[in-house]
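# quick check, what structure comes out for this input:
(one chain, ligands or ions: 1)
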Amino acid sequence: MNTESLFAVALGITPPWEVEGVSFSKENKRLDLKIGFRRGATFACPVCGTAAPVHDTSEKSWRHLNFFQFETYLTARVPRVKCPNPDHGVKLVPVPWARAGSGFTLLFEALVMALVREMPVKTAAALLGEHDTRIWRVIDHYIQSARAQADHAEVRRIGMDETSARRGQDYISLFYDMDQRQLLFGTEGRDHETVKAFTEDLKAHNGAPENITDACLDMSKAFIKGVNEALLQRRNYF
Ligand SMILES: [Zn+2]
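So this is what the prediction gives:
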C-alpha cells in the first residue's frame, strides 16, 4: 500500500475520489493532501442521484485534524456535474468529508464541538490555532441545527432565573426543564417579556404553555407577571 492509498483509507475516501498527492513540509509544520478523481469519473446529480458527467471543477481546501503536531489541509478539485435531466442544470457535488460552505472537515468540526464543551471558545480557538470567529461559525451551525430539531412536547416543570452576561450588567434570562435538567431557552433581558419569548419558543418546538404545571422562580415581580400573563394555567410557585 502506498502513502496515497494509506491516507485514502485513513480519511475514509472512496472512489471515484482518490488521494492524488501527499506533501509534507517540516519548515511550515504542515501536511497537505491533494484529493481528486479518476479521469472520466461520474458523480451523482445532487438533485436526482443520476450518474452525471463532470462539467468543470473548482479548487477548495479544508483544515483537517492535525497529523501529530502538524496542521493538515485537504485540497480538492470539486466537480460540478451536468445532469442528463436539463431541469437540474449544472450543480456542485457535495464532498463526503465536509459540509457545504465550511472551511473545515467534518472530523475537525467534531473536534471543535468536543473542545468547546470543556473550555471557553477563545481557549479552544488558541489551542487549534484558529481565529475564534471561525470557531463560533461552526458552533452556530450545529447549535442551530440541534435547536431546530429540539422537541419540547414533554416539558411540564420549568425553572427560570436571570444572570448577568457580563460583569454586573446585560442581564439574560434562562429557562430550564426541571425534569430533564436541561436548558430550554435563553434570551437577553430580565423583564416579563422574556417569559413571553420563552412561551413562543416553547410553542415553536412542539411544546404547549397549558402543559406547564409548575414553575420554579425567584420572587421577582417581572417573572411573576410574565408567568401569570403568558404561561401557567394551574399555578404552582416554589
Ligand atoms: Zn439530476
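# enumerate the positions of the longest strand anywhere in the chain that are buried.
In the chain, with assignment by DSSP state E, the single longest strand is strand 51-67. Within strand 51-67, the residues that count as buried by 16 or more other C-beta atoms under 10 Å are A52, V54, W62, R63, H64, N66. Every C-beta, even on glycine, is put in place using the N, C-alpha and C of the backbone.
# same question for stretch 212-229.
Neighbour-count burial for stretch 212-229 flags I212, D214, A215, L217, S220, A222, F223, I224, G226, V227 (criterion: 16+ other C-beta under 10 Å).
# got it, and stretch 140-158?
Applying a neighbour-count criterion of 16+ other C-beta under 10 Å, the buried positions in stretch 140-158 are H152, V155, R157, I158.
# return the subset of the residues you listed lying in strands.
Per DSSP E, strands hold the following members of the buried residues of stretch 140-158: R157, I158.
# make CSV out of the buried residues of stretch 140-158 and add distance to the ion.
Putting the buried residues of stretch 140-158 into CSV (distance: C-beta to the ion, whole Å) gives the following:
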residue, distance to the ion
H152, 38
V155, 42
R157, 50
I158, 47
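# so which helix or strand takes in the residue most central in space within the chain?
Against the mean C-alpha coordinate of the chain, by C-alpha atoms, centre = their mean, the closest residue is Y142 at 1.7 Å. Y142 belongs to helix 132-149 when assigned by DSSP states H and E.
# just give me the closest of the buried residues of strand 51-67 to P84.
Closest approach to P84 among the buried residues of strand 51-67 (C-beta to C-beta): A52, at 6.6 Å.
# tell me the pLDDT of the nearest residue to that closest one once chain neighbours are set aside.
For A52, ignoring the flanking residues on the chain, the nearest one in space by C-beta to C-beta, 6 or more residues apart in numbering is V81 at 3.8 Å. Note for V81: predicted pLDDT of 96.
# tell me the SS of V81?
strand (DSSP: H, G, I helix; E, B strand; the rest coil).
# do I have it right that it meets T57?
No: the pair V81 / T57 is not scored as a contact, 10.2 Å apart, by C-beta atoms under 8 Å.
# wait, does stretch 86-96 contact the ion?
Yes: Stretch 86-96 comes into contact with the ion (C-beta under 5 Å from the ion), by way of H88.
# what helices and strands are in contact with the lowest-mean-pLDDT helix or strand in the chain?
Least confident helix or strand, the chain: helix 221-230 with a mean of 82, by mean pLDDT, DSSP states H and E. Contacts defined by 3 or more C-beta pairs under 8 Å, 6 or more residues apart in numbering; DSSP states H and E place helix 221-230 against helix 193-204.
# what angle sits between the helix it packs on and helix 221-230?
With axes from the mean of the first three to the mean of the last three C-alpha atoms, to 10 degrees as the basis, helix 193-204 and helix 221-230 are set at 40 degrees to each other.
# assign K34 to helix, strand or coil.
Of the three states, K34 takes strand under three-state DSSP.
# is it true that V93 touches V78?
Yes: checked against C-beta under 8 Å, the pair V93 and V78 is within contact range at 6.4 Å.
# before we move on, back to that, which helices and strands does the helix holding Y142 pack with?
helix 106-116, helix 121-128.
# chain center to the last one, what's the gap?
Counting by C-alpha atoms, centre = their mean, to the nearest Å, helix 121-128 is centred 17 Å from the centre of its parent chain.
# please identify which two of the buried residues of stretch 140-158 are farthest apart in space.
Maximum distance among those (C-beta to C-beta): 12.3 Å, for H152 and R157.
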